[in-house]
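A.B. asks: Kindly return the folded structure for what I paste below:
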Amino acid sequence: MTVTARPVSDGLSARVGLGFDSHRFGPGRPLVLAGVRLPYHLGLEGHSDGDALTHAVIDALLGAAGAGNIGQWFPDDDPSYRGADSLGLLRRVREEVASRGWRPVNVDCVVVTDEPRLTPHLGDMRRRLAEALGLGEGAVEIKPKTAEGLGLAGEGRGLVALAVVLVSRTAG
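C.D. replies: This is a model prediction of the structure:
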């Protein structure tokens, strides 16, 4: 799908995008975050692989480039995206953003969930996101946070992911 971007004629050489996603936990699916399959008895519900963290990064990258949002690019009523690998979708978005003259510089993420514990998997998660974005691992940060028993994440019903992406103009 092609989404027509609003003209970005602001003269800026860098822009920031913010992404958000949340998914409920459900049985019978693997738990995938940043393309890493985590050991947990529940997975994230969703049309694709349910990778809420990667979805937040996609939205942040699209927003920074003025290129719409994940729902416009990969609608959840399109059967071709059922079970899709979200890192593959992120790679496609990175290519589209590059064709519009932008490249990601860094990404900073927060994942809110009381369980499972994410800290043991952060290195793998950073590596997978960095590779999909064409960045060095040091340009990707993921911070797990708890919700202290509050809401969807705190009650163990799902998780929330947020991402901020900085993009800069490409040369030429």
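
A.B. asks: where does the protein have low pLDDT?
C.D. replies: Where the chain drops to pLDDT under 70, the residues are 1-10, 171-172.

A.B. asks: can you give me the strands for it?
C.D. replies: 14-26, 31-33, 36-38, 43-44, 102-112, 140-145, 158-169 (DSSP state E).

A.B. asks: Where do the helices of this protein begin and end?
C.D. replies: Read by DSSP state H, the chain holds these helices, from start to end of the chain: 52-64, 70-73, 86-99, 122-133, 151-154.

A.B. asks: Which strand residues bridge the spatially closest residue to residue 45 that is not a sequence neighbour?
C.D. replies: Counting by C-beta to C-beta, 6 or more residues apart in numbering, the nearest residue to residue 45 once its immediate chain neighbours are dropped is residue 26, at 4.1 Å. (Glycine included, C-beta is placed from N, CA and C.) With beta bridges defined as DSSP bridges, residue 26 has these partners: residue 43.

A.B. asks: likewise residue 104?
C.D. replies: Assessed by DSSP bridges, residue 104 has beta-bridge partners residue 167.

A.B. asks: start at 27 instead
C.D. replies: All right, first residue 27 from here; so that's residue 130.

A.B. asks: Leaving out chain neighbours, which residue sits closest to residue 165?
C.D. replies: Going by C-beta to C-beta, 6+ apart, residue 165 has residue 132 as its nearest residue, at 4.2 Å.

A.B. asks: burial of the one you found, as a residue count?
C.D. replies: Here the count is done by other C-beta atoms under 10 Å, and residue 132 has 17 residues near it.

A.B. asks: if we can go back for a sec, please work out which of the strands of the chain is packed deepest.
C.D. replies: Using mean count of other C-beta atoms under 10 Å, the stretch among these with the greatest mean number of neighbours is strand 57-59 (a mean of 25).
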